[in-house]
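In: The following block contains a protein sequence and its predicted model.
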2 protein chains.
Amino acid sequence: MNYSGGITFIMPNFAPMEKQTPTILVVNDDGITAPGIKVLLETMQQLGRVVVVAPDSPQSGMGHAITIGKPLRLDAVDLYEGVEMYKCSGTPVDCVKLAVNRIFKGSKPDLCVSGINHGLNNSINVLYSGTMSAAVEGAIEGIPSIGFSLDDYTQQANFEPCAKYVKAIATQVLEHGLPASTLLNVNFPKTADLNGIKICRQANGKWAEEFDERMDPHQRPYYWLTGEFQLNDQGEDTDVWALEHDYVSVVPVQFDMTAHHAISILNSWKF
Amino acid sequence: MNYSGGITFIMPNFAPMEKQTPTILVVNDDGITAPGIKVLLETMQQLGRVVVVAPDSPQSGMGHAITIGKPLRLDAVDLYEGVEMYKCSGTPVDCVKLAVNRIFKGSKPDLCVSGINHGLNNSINVLYSGTMSAAVEGAIEGIPSIGFSLDDYTQQANFEPCAKYVKAIATQVLEHGLPASTLLNVNFPKTADLNGIKICRQANGKWAEEFDERMDPHQRPYYWLTGEFQLNDQGEDTDVWALEHDYVSVVPVQFDMTAHHAISILNSWKF
């Protein structure tokens, strides 16, 4: 099979939107009361009918965790006038699964957007991020999906400069669909003076951990996870580079984690 | 840059082992008392010095979750004679981070093995699995890493047929290293009559969820996550196919989630 031919990628997996109001699932990992999800749902209301399903508490760093060993709660809440909203006791991925199975019940939404996250999810953070994992789960469910994140952890983060890009990117995805089994990871630098959009690859980087060791009142040690991001990539086509140069970074993400290039090497090994 | 040339992949990221006793980090997600980790650590003792860092409670389905909002405990335990072991209050990924930062303190282990998981982690399960995420974290830390899983959820699972393959695969990885930024996902079918090893790609599949809705004594609903695996892939080069035919499946895994093939499509969009 010839994977380098263009035909696979010109044919989108998801049919372009009919000329009718799309339904948009909004999720996040910072919790249903976070300012970032309010900006996101308000922006999506300009594009279609919005349904919000978000965690009832902060779920940052939950990655692709799902809740197996205990039951989940899912309750309607009336937080913003006229918006269909549900809070969920589980992880961001649980939210997507519950939305698809219990709220949409088979009639899938036309778009799944996650965020806007308080804090970047570029480079390796795509793996740790509940925001991005919710979008990945949306894509696994066959829904065109996008995760949005801003380089500002605070509750006072200014999401206003992001809004027009969020709308533009979501509009394009509704119009074109996305290539099969892919989603988008969109990150915003912390500036009001954005230079536009760059399509990027995930930068090669990692967290250099430094656990902060403390003693509890009973003289038993405990540890807080801290660390510094370590960039191991000088490429000018990465999300880190784009963000450093005040661009909005857009990385297409896939959930096939196979290292296809390594298969032939392993086949040469003698087990 | 020409990514199709062989040179990148012939040069391993990790230098082949010197002829001295390797140090092997053993982790899992089923918890430090699980039978699967006992088989794994006993097998690794035949190859080098073993250090075990595992969750103090079951952490299945935790994916790549890390613990940010609360502190972690890490305590030495004396479970099996002569084995250096620590239990950790966090996720499987936390275990790897704590091992690297607090136990090895910069002198990295030569190998990180995770499992043997009670239950398969083939296909899309690589994303949900704490076992595999621990191995992914090992690879991010620059340690040659392997996750092992058996198609048997029970505490009575028979890991004996796996042991010689676990040893053979770990021996090959210690000898050859692994290609840059890759790790191995090894799954065993539930049979004593194994046909050998197949190098595979991750099968395209997903879980079709079916939440089991119940009422609590206060007449409030709650939901249990259940579901059926749905295979959307007829390939004979997948892990699902290999396992169905009684092979040990070995999938090389990468943590660059960029859908590189989609970059040119997105560049043609008008934002």
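Out: That came through, no problem.

In: Now do the helices in chain A.
Out: Applying DSSP state H to chain A gives helices spanning A:7-10, A:35-45, A:92-98, A:125-128, A:130-140, A:160-176, A:239-244, A:263-267.

In: okay, now A:T21: neighbour count?
Out: A:T21: 11 surrounding residues under other CB atoms under 10 Å in any protein chain shown. In this view, the C-beta of every residue, glycine as well, is placed from N, C-alpha and C.

In: Chain neighbours aside, what residue packs nearest to it?
Out: Closest residue to A:T21 apart from its sequence neighbours, by CB to CB, 6 or more residues apart in numbering or on different chains: A:G48 at 5.1 Å.

In: do A:T238 as well
Out: In space, and not counting its chain neighbours, A:T238 is closest to A:A203: 3.6 Å by CB to CB, 6+ apart.

In: Check what pLDDT the residue nearest to A:V126 when sequence neighbours are not counted gets.
Out: In this structure, A:V126 finds its nearest non-sequential neighbour in A:M132, 4.9 Å apart by CB to CB, 6+ apart. Note on A:M132: pLDDT of 98.

In: my guess is A:M132 meets A:L184, correct?
Out: No. Using CB atoms under 8 Å, A:M132 is not in contact with A:L184, being 9.9 Å away.

In: got any residues that touch both of these two?
Out: Residues touching both A:M132 and A:L184 (CB atoms under 8 Å, 6 or more residues apart in numbering or on different chains): A:147, A:253.

In: Neighbour count: those two, which is higher?
Out: Higher neighbour count among A:M132 and A:L184: A:M132, with 33 against 26, using other CB under 10 Å.

In: which residues touch the more buried one?
Out: A:114, A:121, A:125-126, A:147, A:149, A:185, A:253.

In: and A:I140, how many neighbours does it have?
Out: By the criterion of other CB under 10 Å, A:I140 has 22 neighbours.

In: ok now do it, which residues does it touch?
Out: A:255, B:124, B:127, B:206.

In: mind redoing it with 6 Å?
Out: If a contact means CB atoms under 6 Å, 6 or more residues apart in numbering or on different chains, then A:I140 has B:K206 as its contacts.

In: Ok, A:T191 next?
Out: Contacts of A:T191 by CB under 6 Å, 6+ apart are A:D246.

In: Below-threshold pLDDT in chain A: ranges please.
Out: Filtered on pLDDT under 70, chain A yields the residue ranges A:1-19.

In: Go again with 80.
Out: Residue ranges of chain A with pLDDT under 80: A:1-19, A:106.

In: just the strands in it please.
Out: Taking DSSP state E, the strands of chain A run over residues A:23-27, A:49-55, A:74-77, A:84-88, A:111-118, A:145-150, A:182-188, A:197-199, A:205-209, A:212-215, A:221-224, A:227-231, A:248-254.

In: looking at those, which is closest to B:S249?
Out: strand A:248-254 (20.0 Å; CB to CB).

In: Give me the contact status of the closest one with chain B.
Out: Yes. Judged by CB under 6 Å from any CB of the partner chain, strand A:248-254 comes into contact with chain B through A:251-254.

In: What of stretch A:260-271?
Out: Yes. Using CB under 6 Å from any CB, stretch A:260-271 reaches chain B at A:261-263, A:265-267, A:269, A:271.
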